[in-house]
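A.B. asks: Any chance you can model this:
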Amino acid sequence: MSGTVYGYIRVSSKDQHTDRQRTALLEYGILSHCIFTDWQSGKDFNRPQYKKLLRTLKPEDCIVITSLDRLGRNYEEILEQWNLITHTKKADIIVLDMPLLDTRTSRDNLTGWFIADIILQILSYVAETERHNIRKRQAEGIAAARARGVKLGRPRKTLPEHFEEIAKLIRERKLSYREAVAKLNVSPSWLYCAMKTK
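C.D. replies: Residues are numbered from 1 along each chain as shown. Here you go, the predicted model:
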């Protein structure tokens, strides 16, 4: 491999440790200054170190990650990024815990890309199917609960005592909002909302 090998680490929050991922990347032979780390959710790719890594990437370079979920959690976006890295940037990707996801598999890279793309498409399909099944199960659960007479959603907040009288005084301009807030012991924003719905 003639390009530079980079490592990418992602954990969801500052509370989580990067030690396991860092150790695996260093053991693979990646130099510590070539490892990029984000402490951020995997829901999208708007991450500072990931963006910096992409700007650094040149043809024949390689990104190594310990597992696919370190790259991201949205499989449609993972597919987009995978294509950006392998086809547009002409770089390689290695996923350590999934050897089939290694675009260097063949000398001309066609076989490696082909196998990796198929695996990613399957993972994307499985993830989307699971999301669909979860939504379906949620809808069925809600329908079943309603059929049993279960009331869903937040319970409606009861109005403070004397609210109607005070609301009338506010409308008649005999009482200010500030005075009403003090009398009812509520927040100004709550009172504004309550007045709008009445």
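A.B. asks: quick one: Leu159 from Val95, how far?
C.D. replies: As judged by C-beta to C-beta, to the nearest Å, Leu159 and Val95 stand 57 Å apart. (Glycine included, C-beta is placed from N, CA and C.)
A.B. asks: Settle it for me: which of these two has more neighbours?
C.D. replies: Just comparing Leu159 and Val95: by other C-beta atoms under 10 Å the higher neighbour count belongs to Val95, 21 against 14.
A.B. asks: give me the beta-bridge partners of that one?
C.D. replies: Ile65 (DSSP bridges).
A.B. asks: Hmm, Ser67 and it touching each other?
C.D. replies: Yes - contact criterion C-beta atoms under 8 Å: Val95 and Ser67 qualify, at 6.4 Å.
A.B. asks: Within the helices and strands, which one has the residue lying farthest from the centre of the chain?
C.D. replies: Note on the chain: the largest C-alpha distance from the chain mean falls to Lys174, namely 50.6 Å (C-alpha atoms, centre = their mean). Under DSSP states H and E, no helix or strand contains Lys174.
A.B. asks: Distance check, it against Leu191.
C.D. replies: Distance, Lys174 to Leu191, by C-beta to C-beta: 16 Å.
A.B. asks: Ok, Lys136 next?
C.D. replies: 41 Å.
A.B. asks: With neighbour numbers in mind, choose between those two.
C.D. replies: Of the pair Lys136 and Leu191, Leu191 is the one with more neighbours under other C-beta under 10 Å, namely 20 against 10.
A.B. asks: For that one, which non-adjacent residue is closest in space?
C.D. replies: Spatially, and ignoring its direct neighbours in sequence, Leu191 is nearest to Val181 (5.6 Å; C-beta to C-beta, 6 or more residues apart in numbering).
A.B. asks: Could you pull up the contacting residues of that neighbour?
C.D. replies: By C-beta atoms under 8 Å, 6 or more residues apart in numbering, the contact list for Val181 reads Ser187, Pro188, Leu191.
A.B. asks: ok so it is a helix residue?
C.D. replies: Yes - counting by DSSP: H, G, I helix; E, B strand; the rest coil, Val181 is located in a helix.
A.B. asks: Could you tell me how far it is located from Ala167?
C.D. replies: 12 Å.
A.B. asks: before we move on, what about Val186?
C.D. replies: If you measure Val186 against Ala167 using C-beta to C-beta, the figure is 12 Å.
A.B. asks: same check, this time on Ala143
C.D. replies: Distance, Ala143 to Ala167, using C-beta to C-beta: 37 Å.
A.B. asks: between the two, who's got more neighbours?
C.D. replies: Ala167 (18 against 10).
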